[in-house]
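1. what's the 3D shape of this:
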Amino acid sequence: MKLNYENLVITGFDEKHEWMFDWWYDNVNRHCPSSVKVMICDFGMSQKMKERLRRERFVEPIMDLTTTPDKGWFNKPIAMINAPSKKTIWVDLDCEIKSNLAPLFNMLEPNKLNMVEDKPWTKRRGEIWHNSGVVGFIDKPIILHQWCKAVRENPNVGDQEVLHGMLNPITRLTYINDLPFEWNVMRLATDHDDYKGPIKIQHHTGQKGKDKIQGLMEIRRVINA
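-> Have a look, this model is predicted:
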């Protein structure tokens, strides 16, 4: 795609996960100015959803990744490298956006993937992990190209696990810039690790996280009824 945007937020989903989109996008609208543009990546969404997104035109053009050999979340780095933007922030669909995303663009460092340390996973695994629910970058750094290559050659477990397996303590310092934890607070941190700090993005991971999102959606439906 031709470079069209200075700053762009992207996400992607398939038919199985598209039920979260309205909730996700409503949170973007609640907290972000109109200058924050959003692009949706089609990982295999339903025809009904495609038609609706195009008809309502409340997002930028859809990026079609249904013809790639990659599936599911392994499409994430492929979507990132194809984003038509100077500065790009990927945000998973199970992330509850609670703050304006615009300041996050100013925190990005060039030539790196800008990510939050997955402190619950670091604690449980005994080594540094970074969570791929929120990933920011400027242009298309070499590590992003390497990540795309790795998910195509060895799509093991998930995109985050592939990236982790590529890095060692030295390359992690070279290619990863740590964003403040508040920009991707994992469910385990609040539910089990007693995290009481600020939250700009709450990441509702796992099935329990999806159950929480369904509850939040129901509360919003009742309030708006």
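2. Would you state the helices of this protein in chain order?
-> Applying DSSP state H to the chain gives helices spanning 21-31, 47-56, 76-81, 102-105, 119-125, 142-153, 159-166, 169-175, 187-191, 206-224.
3. hey, least reliable of the ones you listed by pLDDT?
-> Mean pLDDT values for the helices of the chain show the minimum at helix 47-56, a mean of 88.
4. Sort out which residues of that helix are buried, please.
-> Of the residues in helix 47-56, 49-50, 53 count as buried by neighbour count, 16 or more other C-beta atoms under 10 Å. In this view, the C-beta of every residue, glycine as well, is placed from N, C-alpha and C.
5. Now do the residue nearest in space to the middle of the chain against F13, distance only.
-> Nearest residue to the geometric centre of the chain (C-alpha atoms, centre = their mean): V91, 2.4 Å. To F13, V91 is 12 Å away according to C-beta to C-beta, to the nearest Å.
6. same deal with R30?
-> 20 Å.
7. what about the two, which has more around it?
-> Set side by side, R30 and F13 show more neighbours around F13, with 24 against 11, by other C-beta atoms under 10 Å.
8. Just to check, that one is in contact with L53?
-> No: counting by C-beta atoms under 8 Å, F13 does not reach L53; the two are 11.0 Å apart.
9. what residues are shared contacts of those two?
-> Residues touching both F13 and L53 (C-beta atoms under 8 Å, 6 or more residues apart in numbering): I40.
10. quick one: contacts for V134?
-> Listed by C-beta under 8 Å, 6+ apart, the contact set of V134 reads 89-92, 95, 115-116, 179, 183-184, 201, 203.
11. For those residues, give me JSON lines that also has distance to Q214 and pLDDT.
-> Shown next, in JSON lines, are those (distance: C-beta to C-beta, whole Å; pLDDT from 0 to 100):
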{"residue": "I89", "distance to Q214": "25", "pLDDT": "98"}
{"residue": "W90", "distance to Q214": "23", "pLDDT": "98"}
{"residue": "V91", "distance to Q214": "19", "pLDDT": "98"}
{"residue": "D92", "distance to Q214": "16", "pLDDT": "97"}
{"residue": "C95", "distance to Q214": "15", "pLDDT": "98"}
{"residue": "M115", "distance to Q214": "27", "pLDDT": "98"}
{"residue": "V116", "distance to Q214": "24", "pLDDT": "98"}
{"residue": "L179", "distance to Q214": "28", "pLDDT": "98"}
{"residue": "W183", "distance to Q214": "24", "pLDDT": "98"}
{"residue": "N184", "distance to Q214": "21", "pLDDT": "98"}
{"residue": "I201", "distance to Q214": "19", "pLDDT": "98"}
{"residue": "H203", "distance to Q214": "16", "pLDDT": "98"}
